[in-house]
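Student: Structure for this input, please:
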Amino acid sequence: MGRRRMQRKVSIMPQINHFTPTGIPQAGMDEVNLLVEEAEAIRLKDLEGLEQEECASRMRISRTTFSRILDAARRKIADALLNGKGLRIEGGNFEMAVRRFRCLSGHEWDVPFETMVSTPPESCPSCETPSIMPISPKGIGWSGTAKKRRS
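Tutor: Numbers count the residues shown, from 1 in each chain. The predicted model follows:
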């Protein structure tokens, strides 16, 4: 039996998660599924311009794992762009690097991942009520596989 995959840390969820080429009817269009952690790898390396070692550190994975994720992401993007396929960003094996909480009084606040590991919050910092709950990020599709699908 293989080792359990560690969740990758993702700092930012893409606001737009679906792209389609113009001029191709959606009814018969193939789609490529880019996992959220693959989009994060592209963001860190290609958009932010960070070195792979720094990218891997931010995602809390090894440099070789980061390299594999980045290669897979680039192949998928190239496939979508050059073969006229839609691109959907969803699913994967990830965890938000920042966790958002809300108390029963409606106060909301963010807790960094490092703090969550060492000292998770026990009460609201504004009103000190112990009735708090984590808020799930919006628009996340959770899945363990990447697959092509038709719309």
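Student: Every contact and neighbour count from this point should use C-alpha atoms.
Tutor: Noted.
Student: Mind jotting down where the strands sit in the chain?
Tutor: 8-10, 18-19, 30-34, 86-89, 94-96, 98-103, 108-112, 132-135, 149-150 (DSSP state E).
Student: In JSON lines, list these along with mean pLDDT.
Tutor: Converted to JSON lines, the strands of the chain look like this (pLDDT from 0 to 100):
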{"stretch": "strand 8-10", "mean pLDDT": "87"}
{"stretch": "strand 18-19", "mean pLDDT": "92"}
{"stretch": "strand 30-34", "mean pLDDT": "95"}
{"stretch": "strand 86-89", "mean pLDDT": "95"}
{"stretch": "strand 94-96", "mean pLDDT": "81"}
{"stretch": "strand 98-103", "mean pLDDT": "85"}
{"stretch": "strand 108-112", "mean pLDDT": "86"}
{"stretch": "strand 132-135", "mean pLDDT": "85"}
{"stretch": "strand 149-150", "mean pLDDT": "39"}
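Student: With respect to Arg60, which of those strands lies nearest?
Tutor: The closest of the strands of the chain to Arg60 is strand 8-10. By CA to CA, the value is 6.2 Å.
Student: Just checking: what are the partner strands of the closest one?
Tutor: Sheet pairing of strand 8-10 (DSSP bridges) gives strand 94-96 (parallel).
Student: So which residues make contact with the partner strand?
Tutor: For strand 94-96, contacts defined as CA atoms under 8 Å, 6 or more residues apart in numbering pick out 7-12, 36-37, 113.
Student: Output the residues you listed in a markdown table; the columns should cover neighbour count and distance to Glu95.
Tutor: Converted to a markdown table, the contacts of strand 94-96 look like this (neighbours: other CA atoms under 10 Å; distance: CA to CA, whole Å):
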| residue | neighbour count | distance to Glu95 |
| --- | --- | --- |
| Gln7 | 15 | 6 |
| Arg8 | 22 | 6 |
| Lys9 | 21 | 5 |
| Val10 | 22 | 6 |
| Ser11 | 18 | 9 |
| Ile12 | 13 | 10 |
| Val36 | 27 | 10 |
| Glu37 | 27 | 9 |
| Phe113 | 17 | 9 |
